[in-house]
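Asker: What would the 3D arrangement of this be:
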Amino acid sequence: MRALIQRVSTASVSVGEQTVGSIGPGLCVFVGATHDDDEVTVQKLASKIWNLRIFEDDQERMNHSVGEINGEILIVSQFTLYGDTTKGRRPSFVEAASPEVAEPLIEKLCELLKVLGATVATGRFRNHMEVKIFNDGPVTLSIDV
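Answerer: Numbers count the residues shown, from 1 in each chain. This is a model prediction of the structure:
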């Protein structure tokens, strides 16, 4: 699995005119699945998201995780994270898992984060989504598990 994680002050995702998920301070996580991802991969990603120390302590050092600051998590499926641009001018998405494979994996990720104690909001799979993000500092990380 591949994730792009952004520390945010707020974030929301809309489908059409309807907001389907929104959070306050926390993480906006774009998640893509590939063909060989499984439940073990999902568990590793959930642990990484929950325990990643990217929030400041009193000395302004990144020493706290999203759970330690009681932050929220917005999960947005994003197959384009597996876009390959090495050849030509049109990305290839051959490495992205099919929706039938990816959707249950991303749902499992959300379930595992909730078990860890996270407040989780989501986008809507297989829909055109508009995501609004208000970054909280210059913290954007790419993670592969």
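
Asker: Give me the most central residue, this protein.
Answerer: residue 29 (2.0 Å; Cα atoms, centre = their mean).

Asker: what is it paired to in the beta sheet?
Answerer: Using DSSP bridges, the bridge partners assigned to residue 29 are residue 5, residue 75.

Asker: part of a strand, is residue 109?
Answerer: No. Counting by DSSP: H, G, I helix; E, B strand; the rest coil, residue 109 falls outside a strand, being helix.

Asker: which residue packs closest to it, ignoring adjacent ones?
Answerer: Spatially, and ignoring its direct neighbours in sequence, residue 109 is nearest to residue 42 (5.1 Å; Cβ to Cβ, 6 or more residues apart in numbering). C-betas here are computed from N, CA, C, even on glycine.

Asker: contacting residues for the one you found?
Answerer: 1, 105, 108, 109, 112 (Cβ atoms under 8 Å, 6 or more residues apart in numbering).

Asker: what mean pLDDT would you report for stretch 133-145?
Answerer: For stretch 133-145, mean pLDDT rounds to 93.
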